[in-house]
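Kindly generate the corresponding structure for this input.
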Amino acid sequence: PVTASGGCDAATLVKAWVVDANLDIISPQLYSTGAELAPEFATTSSCPACTWSLFQGSKAKFAPSIVEASQYDATQIYFADQSITTAGYIQWKQTDSPTTTNWC
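Residues are numbered from 1 along each chain as shown. So this is what the prediction gives:
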């Protein structure tokens, strides 16, 4: 969580997400403005207990939100070092729409 009152309450929330069988995807946001040239791996400053290790063994797929696809290799490497397997990513940056008008 970006903000949560009570500091460690945020860690309790993350721990609940990780074990919840009702969640299919957990997607932490690795950018602030959407203009970043590289993913941001800083954890929530208001919660010292909110480390990446909380996501280890998540039941849901771990698919971080990044600015663009070119950042995925760095993301995979970073989280592999944290013992977290990524299952893809969600891209924030919009892409151009296809120019075809022949939609099916």
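
any low-confidence regions in this structure?
Across the chain, the ranges flagged by pLDDT under 70 are 1-8, 97-104.

Could you pull out the helices in it for me?
Listed in chain order, the helices found in the chain under DSSP state H are 9-19, 72-81.

So which bits of the shortest one are buried?
In this case it means helix 72-81. Tyr72, Thr75, Gln76, Tyr78, Phe79 (16 or more other Cβ atoms under 10 Å). The way it works is simple: take the backbone N, C-alpha and C, and place the C-beta from them, glycine included.

So for the last one, what's the nearest residue that isn't a sequence neighbour?
Residue nearest to Phe79 in three dimensions, not counting chain neighbours: Thr86, with 5.3 Å by Cβ to Cβ, 6 or more residues apart in numbering.

I'd say that neighbour and Tyr78 touch.
No: with contacts counted by Cβ atoms under 8 Å, Thr86 stays clear of Tyr78, the gap being 9.2 Å.

before we move on, the earlier item: and of the helices of the chain, who's closest to Ser45?
helix 9-19 (10.7 Å; Cβ to Cβ).

Can you tell me what sits against that closest one?
Contact with helix 9-19 is made by 1, 4, 23, 26, 44, 46-47, 49-50, 54-55, 57-60, as judged by Cβ atoms under 8 Å, 6 or more residues apart in numbering.

Narrow those residues to those that are buried.
Those of the contacts of helix 9-19 that meet the buried threshold are Ala4, Ile26, Thr44, Cys47, Ala49, Cys50, Leu54, Phe55, Ser58, Ala60, by 16+ other Cβ under 10 Å.

just checking, which of those belong to strands?
Ile26 (DSSP state E).

With distance to Asp96 as extra columns, can I get the buried ones among the contacts of helix 9-19 in a markdown table?
Listed next are those as a markdown table, based on distance: Cβ to Cβ, whole Å:
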| residue | distance to Asp96 |
| --- | --- |
| Ala4 | 37 |
| Ile26 | 29 |
| Thr44 | 34 |
| Cys47 | 38 |
| Ala49 | 42 |
| Cys50 | 36 |
| Leu54 | 37 |
| Phe55 | 33 |
| Ser58 | 33 |
| Ala60 | 31 |
